[in-house]
Structure formats: structure tokens, C-alpha cells
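fold the following for me, if possible:
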Amino acid sequence: MELNAGYKSPWLNEELEILQDAVRKFYEKEMTPHAKRWNDQGAVDRDAWNKAGEAGILCASISEEYGGGGGNFAHEVVITQEQARAGVAGFGNSVHSGIVAHYIQSYGSEEQKQKWLPKMASGEMVGAIAMTEPGTGSDLQGVKTTARKVGNQYVINGSKTFITNGQHANLICVVAKTDVNAGAKGTSLIVVETDEVEGFRRGRNLDKLGQHAQDTSELFFDDVKVPTSNLLGAEEGKGFIQLMQQLPQERLIIAIQAVVAMERAIGYTAEYVKERKAFGQRILDFQNTQFKLAECKTEATIARVFVDDCTVKLLDGKLDATTAAMAKWWCTQKENDIVDECLQFFGGYGYMMEYPIAQMYQDARIQKIYGGTNEIMKMLIARTL
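Below is the predicted model:
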């Protein structure tokens, strides 16, 4: 069901609505039918990436001269939303297209962009960004992975964990210390093509609480040698700044996913309570049901309007890190609250994995953690008071 039938996102236009329809049909045909199998096997099929590339789903906001769709962030939002509506949580395109490709387009040399972006757009290469380490989560300044320059190469040593697309990725943007004594100013981003190097190993495809189809993995770098030309940016030590510049977009993507999850959960629950009966009447006819769902719809609508405003700001180049942090923490918190509230209306059936609400409940929890924990988001906001 349409949660807010009379509302239209201010950034949405006719071209994007055509894209929305095409993307929705692609997900319904090529991905939704496989969602349960992908959950069971712990990853999407590798050829899903190639099919997405053929359909123009990948790198939609990357310049056409580099093989992308030539769109902007609004195109990325349409694709992200339709994936969430299709219930395909495991396909890591938001990281691949919305994050990794933009690091390369924003900071890469012309040679790097020509080399990597067309392969990402086609699905020949799957992108990942390796930030988190076993002992370092949201504290990006504390990374221990090193990239030591030896001649015309970097020698990379370290381990990463919780890496989205970890089993499939063959183009990994690694956050590493090029100067271990310089703190944040010693951090750099270095691209590793896994098919071209020795010493790179994939660890476990991690057994997670939710998002089972996402191949979230451990990665190990043991004397991995890459050319110094794989550094992103003209000089070393710019990695932390590069990360900070891109994080507002990453956090807004997470907030957008959260809003769609809220809307989907409420719509699904509204249909259920109209049909399910208890004590001789529909569950919807109980005042408690009406009040709870009214609260959920109101909060989801507030979240929708907020992320739409953030999207407009980002398209205008005006989305600041503080507002993005607000969107990320508040929307993901409300996502968890609303999905939990909705599940309750299903009673025991809500606890059964054959019901989509149970899957939504599992998948929602990580949203408050990745992209920077919600506690970190609040710290960032508090600094502006």
C-alpha cells in the first residue's frame, strides 16, 4: 500500500519516475525471486552484479565518460529505495555505486577513473571499502593497517572486518596508515585490485544476526604489494579528509534505507490487521492498533520529509555533516522502533521467518551501528551546541 498517497518527494521528476518504474521491474524479475535462496547461501549470486550492470543499476550517478549513467544522487536514491522496497537486503550496490565509485570519481586520477569506473559500472568489478578493523570501529583515526612505501610500491599489512561485499569484491579501497606517527594526517586511501596481487586473503563470510544475503567478511593483507599509483589523491595523508567529505552521503543513504523500511513495515502491517481477527473483530478495529499505527505513520512521514530535505540539500551541495548525522541516527532509531511495534501486531506469526516482518526486524538492527554508530552521530551533533 502507498503510505502517503498525496505526497511526492520534491526531488522526484518525470525522468526519475521512469527510472523508478524500470528499476522496480528489474528487482521484481531478477532479484526478489532469489532473495530467500541468497539469504540461505549467505551471498547474492555473482552474476547478479553483471545483470545489474547490464540494466544500468550500477554507478548511475557516475559520469558517462567513465561508463556510468551520468545521473546524480537522486538517481542513486531511486535505485536504493526500490531495492529496499523489493526486500533485497543483501545486494551491496549502495556501497559499490554510492560510496566506492564516488571515492574514485572524486579523488582518483584520470587514469584511475578510466581504468576502474567502467568495470564497476558493468559489474565486472565489485567494489568495497575496507575501513573497520577488529579493534577499530567508528574510530577511523585508530586504524592499524599500514601501507609502507618501498620504491614504486606500497606494501600493505593488516586486517579488516565487517566489510560489505567482502566475498565478491575485487576492487577494494583500503584505509591504511602511510605514516604511523601522524595520526589522522597519516591516513591514506589505497586501491587494491585483488585479482592482481599476492598476499590478499578473504576470511569468513560472517554469520550475522540479519542481512544474511550480504557477504560481510574479514579481509587480510599480508605484504600485499600495489603500485604507488593506486593511491587515491595527489598526495599521501589525505585519507581522513576524503572519508569525512564522503560520509554525509553514506549516512544519508542509510537514512533513506531506514525510511523505506519504516514505510514498508507499516504498509505490510496495515494490510495484515485489516484481515486478521481476534475476539470477534479485526485487529485494526481496536483503538490500541489505530493509535499505535497512527504514531508509526506520523513518525515515518516526518522521517520521509526530513530525508527528502536532506536529499535536496545534498543535490545542491549543501548537506552538512551534522544534519547527515541527525538523519542517520534518528531515522535508523525510528526504523527499529517502528518495525518492532509492527511485528507485535502479528503475534506469534511475527516471529516466524516466513513473514517478511521478521526479516525486517533482523535486518534493521545493524542500521544503528554501521556508517558510524548512533552514539557517534550524537557526539558529532553535540559538538555544534
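
what separates the most centrally placed residue in the chain from Val77, distance-wise?
The centroid of the chain falls nearest to Ser94 when counting by Cα atoms, centre = their mean (4.3 Å). Distance, Ser94 to Val77, using Cβ to Cβ, to the nearest Å: 10 Å. Heads up, the C-betas are built off the backbone N, CA and C, glycines and all.

between those two, which contacts overlap?
Residues within reach of Ser94 and of Val77 at once, by Cβ atoms under 8 Å, 6 or more residues apart in numbering, are Ile253.

show me where the stretch 101-250 of the chain has its strands.
127-130, 146-150, 153-163, 171-177, 187-193, 200-205, 217-227 (DSSP state E, counting those that start in this stretch).

circling back: the residue nearest to the centre of the chain should be in a helix, yeah?
Yes - following the definition DSSP: H, G, I helix; E, B strand; the rest coil, Ser94 is counted among the residues of a helix.

renumber starting at 29 from here on
OK, 29 is where the count begins now, so the last one is Ser122.

contact partners for it?
Ser122 is in contact with Glu104, Thr108, Gln111, Ile281, Gln285, counting by Cβ under 8 Å, 6+ apart.

reformat those as a markdown table; add pLDDT, distance to Gln195 and neighbour count.
Listed next are the contacts of Ser122 as a markdown table, based on pLDDT from 0 to 100; distance: Cβ to Cβ, whole Å; neighbours: other Cβ atoms under 10 Å:
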| residue | pLDDT | distance to Gln195 | neighbour count |
| --- | --- | --- | --- |
| Glu104 | 97 | 23 | 28 |
| Thr108 | 97 | 22 | 23 |
| Gln111 | 97 | 19 | 25 |
| Ile281 | 97 | 21 | 24 |
| Gln285 | 97 | 21 | 22 |
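
which of the residues you listed sits closest to Tyr94?
Glu104 (15.2 Å; Cβ to Cβ).

is the closest one within a helix or a strand, and which one?
Using DSSP states H and E, Glu104 sits within helix 101-113.

helices or strands up against that helix?
helix 42-58, helix 121-123, helix 267-303, helix 315-343 (3 or more Cβ pairs under 8 Å, 6 or more residues apart in numbering; DSSP states H and E).

mind redoing it with 6 Å?
Taking 3 or more Cβ pairs under 6 Å, 6 or more residues apart in numbering; DSSP states H and E as contact, the helices and strands that helix 101-113 lies on are helix 42-58, helix 267-303, helix 315-343.

which one of these lies nearest to Tyr131?
helix 267-303 (6.2 Å).

next helix or strand past the closest one?
Assigned by DSSP H and E, the successor of helix 267-303 is strand 305-306.

ok so, going back, any chance of JSON lines for the contacts of Ser122, columns distance to Gly95?
Shown next, in JSON lines, are these (distance: Cβ to Cβ, whole Å):
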{"residue": "Glu104", "distance to Gly95": "16"}
{"residue": "Thr108", "distance to Gly95": "20"}
{"residue": "Gln111", "distance to Gly95": "21"}
{"residue": "Ile281", "distance to Gly95": "21"}
{"residue": "Gln285", "distance to Gly95": "25"}
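
what is the nearest of those to Lys57?
Closest to Lys57, out of all of the contacts of Ser122 and judged by Cβ to Cβ, is Gln111, at 13.3 Å.

please report how far the closest one lies from Phe119.
6 Å.

repeat for Glu92
Distance from Glu92 to Phe119, counting by Cβ to Cβ: 23 Å.

tell me which of the two has more neighbours.
A direct count of neighbours by other Cβ atoms under 10 Å for Glu92 and Phe119 places Phe119 higher, at 26 against 10.

shouldn't that one be in contact with Val72?
Yes - between Phe119 and Val72 there is a contact at 5.2 Å, judged by Cβ atoms under 6 Å.

domains for the protein, by residue range?
The chain is divided into the following domains under automatic domain parsing: 42-153, 156-264, 268-410.

chain center to the longest one, what's the gap?
Averaged C-alpha coordinates place domain 268-410 at 14 Å from its chain's average position (Cα atoms, centre = their mean, to the nearest Å).

okay, how far is it across that domain, tip to tip?
This stretch, domain 268-410, spans 21 Å end to end (Cα to Cα, to the nearest Å).

now do stretch 58-68
17 Å.

and if you look at stretch 111-118?
Length of stretch 111-118, first residue to last, Cα to Cα: 10 Å.

so what touches that stretch?
Applying Cβ atoms under 6 Å, 6 or more residues apart in numbering, the external contacts of stretch 111-118 come out as Tyr55, Met59, Thr60, Ala63, Trp66, Val72, Gln239, Ala241, Gln242, Gln285, Val288, Asp391.

quick one: Tyr131 from Gln372, how far?
Taken as Cβ to Cβ, the span from Tyr131 to Gln372 is 41 Å.

which of those two has more residues huddled nearby?
Tyr131 (21 against 12).

please name the residues that touch the more buried one.
Cys201.

go again with 8 Å.
Ile157, Cys201, Leu217, Leu260, Gln270, Gln274.

again with Gln109
Gln48, Ile284, Val288.

next, count neighbours for the last one.
Val288: 22 surrounding residues under other Cβ under 10 Å.

make CSV out of the domains of the chain and add distance to Ala33.
Conversion of the domains of the chain to CSV gives the following (distance: least, Cβ to Cβ, whole Å):
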stretch, distance to Ala33
domain 42-153, 15
domain 156-264, 30
domain 268-410, 11
